[in-house]
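Asks: Got a predicted structure plus its sequence, pasted below:
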Amino acid sequence: MQVPPYLVNEHYDDRYFDVVNAIEEAKHIFFRGAGIMDILSAAGAKRKEFRIGETGFGAGRLLIALMDFLDKCGLTDIAITYNSVELHPITSERMASILEGFRTEAGPLIDLLVRNYRRVEISRPGWHQVHLTRPFGILTLNLWIGEALEMVHALTIPCDAWFLDGHGPKKNPDMWRRELLMAIGEKTVIGGACATFTVAGAVRRGLIAAGFSVEQRPGVGGKKSVLRGLKR
Ligand SMILES: C[S@@+](CC[C@H](N)C(=O)[O-])C[C@H]1O[C@@H](n2cnc3c(N)ncnc32)[C@H](O)[C@@H]1O
């Protein structure tokens, strides 16, 4: 199948994600991988605020998939802080084109994100904030325009879960460098989790050095295995 050019990140010569089934893929690799439901329900009724970190905001497909997942999980009144980072932010028009393939599954969520993202001043480095209201509660997107390590250093409160989605390590080794993974480990609560699509040895070793115990899980789509990490 010919891949439309807007789906390929020209800075890395790599697609933002696999176009077929990317919403379901995200749920399997990242949300079940990081045990999001366990994290949310183990906290019980008392705790209603959760922090997630993502390396590589891209077109916001993971965020769309997460809101869809949480809308369907039956929880209410929760507050999610979603910290993400993007070094090469795309325009809202391009975001809309990239996400268009999921319109049947997630049309209202795509419209909500694109409408709000349009107001983000993508040429200005640093934090940008967007509030998204959903049936599960409120999601606050804190988007750092700039380099991933800067964003992790700028976080003042550690995250409950991390989604590592920064292109493959061969195409973009920077997103998997030891220094960054160590900083992510420091900004993860004990018992928190991380998940990623790559099982590359350097990534596994980097996450172990960063304080995670790692486990390979069965993959989905074209991926034989994927990775989950638990912060010791
Ligand atoms: C695979 S894409 C992310 C896809 C995204 N999670 C989604 O679901 O739409 C990886 C993203 O990381 C960004 N990126 C790559 N290196 C980066 C870096 N060092 N710091 C911040 N962002 C980076 C890329 O520009 C790209 O948008």
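Replies: That came in fine, so what should we check first? Keep in mind it's a predicted model, so treat the numbers as computed, not measured.
Asks: Leaving out sequence neighbours, find the closest residue to residue 110.
Replies: Take residue 110 and drop its neighbours on the chain: the residue closest to it by C-beta to C-beta, 6 or more residues apart in numbering is residue 99, 4.7 Å away. All C-beta spots, glycine's among them, are computed from the backbone N, C-alpha and C.
Asks: tell me the helices in the chain, going along the chain?
Replies: Under the criterion DSSP state H, the chain contains helices at 22-26, 36-42, 61-71, 92-99, 103-117, 148-154, 178-186, 201-209.
Asks: Please identify the deepest-packed of the ones you listed.
Replies: helix 61-71 (a mean of 23; mean count of other C-beta atoms under 10 Å).
Asks: pLDDT (mean, whole number) over that helix?
Replies: Across helix 61-71, pLDDT averages out at 95.
Asks: Residues contacting it, please?
Replies: 16-17, 22-23, 26-27, 30-31, 36, 52, 54, 57, 78, 80, 82, 84, 98-99, 102, 105-106, 109-110, 113, 132, 134-136, 139, 141, 163, 165 (C-beta atoms under 8 Å, 6 or more residues apart in numbering).
Asks: at 6 Å instead, please
Replies: 17, 22-23, 26-27, 31, 106, 109, 134-136, 163 (C-beta atoms under 6 Å, 6 or more residues apart in numbering).
Asks: How about the residues of the chain by the ligand?
Replies: 9, 11, 16-17, 56-62, 85-88, 147-148, 165-167, 172, 174-175 (C-beta under 6 Å from any ligand atom).
Asks: looking at the helices of the chain, which one has the lowest mean pLDDT?
Replies: Taking the mean pLDDT of these, helix 36-42 comes last: a mean of 77.
Asks: For that one, which helices and strands make contact with it?
Replies: When contacts are defined as 3 or more C-beta pairs under 6 Å, 6 or more residues apart in numbering; DSSP states H and E, helix 36-42 packs onto no helix or strand at all.
Asks: Quick check: strands, which of the residues of the chain next to the ligand are part of them?
Replies: 9, 85-86 (DSSP state E).
Asks: sorry, back to before: now the buried members of the residues of the chain next to the ligand.
Replies: Neighbour-count burial within those applies to 9, 16-17, 56-62, 85-87, 147-148, 165-167, 172, 175; the criterion is 16 or more other C-beta atoms under 10 Å.
Asks: so residue 194 makes contact with residue 162?
Replies: Yes: judged on C-beta atoms under 6 Å, residue 194 makes contact with residue 162 at a distance of 4.0 Å.
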